[in-house]
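Engineer: Return atomic coordinates for the entry below.
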Amino acid sequence: MSSVTQSIHCNSKPNPELKSFGGFFETWLHEQERDLEELKAATKAHSESTQCSAELTQFQCELIRRVMSHYENYYRVKSESTTENVLGMMSPSWRSSLEDAFLWVGGWRPSIAFHLLYSVSGLQFEAGLSELLGGVSTCDLGDLSPSQLSKIDELQRQTIREERELTEILAVHQETVADSSMVQLSHIATELMEDNSERVETESMKERVESTLGKKEDKLKEILGKADDLRLRTLKELVDILSPIQAVHFLIAAAELHLRVHDWGMKKDHADEERSC
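Structural biologist: Predicted coordinates:
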């Protein structure tokens, strides 16, 4: 295990309900590191090849399918954990404060995938400009075709529409924390606590609180499920638009960004915790 993922928390107590997914997340990071090495090896093999053979393309396609299956498994496990504890999944303790600052509905914003693609495309276009001007294809993201750009633009527009719809749904649901049922319940609970010297909730009040909050959590599960579906769907559809070797380049950039931002955030949290201890 990387030292940056072994943060020392001064007075923290791990939530046992989140332990299973927190452990899975660490495994997922190691799996992503392995995928990254294989993806990088695939680009090296491609660059060293004198021609794009059917065998090489098949190898790339199989690698992409394997990496995408790891993403699918990640979201499957996440969905199961969301059913058990949606509040913990909305504010994941296994992520760094840096990552938390950029979270959208418990994960990365789907539209980030397009910003990532265009950033890599621009960098690779500059790096291969002389070849492209000479009429030689670089076969990477700097050499996207007009047809690909049109499909990517259409997918981006659709993704942003769905993203905004979910953002609005979440905003409306967040406002229900102050609806009449919550206001009435908080008032009754306060009065009972004032009348009870030991400030102990009655069983009926506990049941009422659990019932009221349970409905709020059920809606959050639905919203988070749709957000994760959009995240995975966007990734899969974007990869499908790209050629096999372009998809390999994109998946490399996605893995590098996720892993390094996590590392940087954990290092920063660790340093902050040492200063506060």
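
Engineer: Now the element after the lengthiest helix in the chain, going C-ward?
Structural biologist: Longest helix in the chain by number of residues (criterion: DSSP state H): helix 203-241. Per DSSP states H and E, the first helix or strand lying C-terminal to helix 203-241 is helix 244-276.

Engineer: Next, the distance between the ends of stretch 94-114.
Structural biologist: Distance across stretch 94-114, first residue to last, is 26 Å (Cα to Cα, to the nearest Å).

Engineer: any idea how far it is from the chain center?
Structural biologist: 6 Å (Cα atoms, centre = their mean, to the nearest Å).

Engineer: Check which helices and strands the longest helix of the chain is in contact with.
Structural biologist: Where contact means 3 or more Cβ pairs under 8 Å, 6 or more residues apart in numbering; DSSP states H and E, helix 203-241 is packed against helix 54-84, helix 86-90, helix 112-127, helix 146-175, helix 180-195, helix 244-276. Placement of C-beta: from N, CA and C, glycine included.

Engineer: quick one: which of those helices is nearest V209?
Structural biologist: Of all the helices and strands packed on helix 203-241, helix 180-195 sits nearest to V209, with 6.6 Å by Cβ to Cβ.

Engineer: for the closest one, packing partners?
Structural biologist: Judged by 3+ Cβ pairs under 8 Å, 6+ apart, helix 180-195 is in contact with helix 203-241.

Engineer: What residues sit buried inside the helix it packs on?
Structural biologist: Within helix 203-241, the residues scored as buried using 16 or more other Cβ atoms under 10 Å are 208-209, 216, 220-221, 223-228, 230-235, 238-239, 241.

Engineer: Return the distance of it from the chain's centre.
Structural biologist: That offset, for helix 203-241, works out to 14 Å (Cα atoms, centre = their mean).

Engineer: just the angle between that helix and helix 244-276, please?
Structural biologist: Between helix 203-241 and helix 244-276, the angle comes out at 140 degrees (axes from the mean of the first three to the mean of the last three Cα atoms, to 10 degrees).

Engineer: what secondary structure does P110 sit in?
Structural biologist: Three-state call for P110 (DSSP: H, G, I helix; E, B strand; the rest coil): coil.

Engineer: Surely it and R231 touch.
Structural biologist: Yes: the criterion here is Cβ atoms under 8 Å, and P110 meets it with R231 at 5.1 Å.

Engineer: which stretches of the stretch 51-200 of the chain have low pLDDT?
Structural biologist: Applying pLDDT under 70 to the stretch 51-200 of the chain picks out residues 51-52, 196-200.

Engineer: So which of the helices and strands packed on helix 203-241 is nearest G134?
Structural biologist: Nearest of the helices and strands packed on helix 203-241 to G134, taken as Cβ to Cβ: helix 112-127 at 14.0 Å.

Engineer: tell me which residues of the closest one are tucked away?
Structural biologist: 113-114, 116-117, 120-121, 124-125.

Engineer: From these, pick the one nearest R161.
Structural biologist: Using Cβ to Cβ, F114 is the member of the buried residues of helix 112-127 that sits closest to R161, with 13.1 Å.

Engineer: Does the closest one touch R157 like I think?
Structural biologist: No: F114 is beyond contact range of R157, at 9.8 Å (criterion: Cβ under 8 Å).

Engineer: if we can go back for a sec, out of the buried residues of helix 112-127, who's nearest A254?
Structural biologist: L116 (6.3 Å).

Engineer: Go ahead and produce PDB holding the CA coordinates of stretch 246-263.
Structural biologist: C-alpha atoms of stretch 246-263 as PDB (Å, rounded to 0.1, in the frame of the first residue of the first chain):
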ATOM      1  CA  GLN A 246      -7.100   6.700 -29.000                       C
ATOM      2  CA  ALA A 247      -9.200   5.100 -26.300                       C
ATOM      3  CA  VAL A 248      -6.100   3.700 -24.700                       C
ATOM      4  CA  HIS A 249      -4.600   7.200 -24.600                       C
ATOM      5  CA  PHE A 250      -7.800   8.600 -23.100                       C
ATOM      6  CA  LEU A 251      -8.000   5.800 -20.400                       C
ATOM      7  CA  ILE A 252      -4.300   6.500 -19.500                       C
ATOM      8  CA  ALA A 253      -5.100  10.200 -19.000                       C
ATOM      9  CA  ALA A 254      -8.200   9.400 -16.900                       C
ATOM     10  CA  ALA A 255      -6.200   6.900 -14.700                       C
ATOM     11  CA  GLU A 256      -3.300   9.300 -14.200                       C
ATOM     12  CA  LEU A 257      -5.500  12.200 -13.300                       C
ATOM     13  CA  HIS A 258      -7.600  10.200 -10.800                       C
ATOM     14  CA  LEU A 259      -4.600   8.500  -9.100                       C
ATOM     15  CA  ARG A 260      -2.300  11.600  -8.900                       C
ATOM     16  CA  VAL A 261      -5.100  13.900  -7.600                       C
ATOM     17  CA  HIS A 262      -5.800  11.300  -4.900                       C
ATOM     18  CA  ASP A 263      -2.100  11.000  -4.000                       C
END
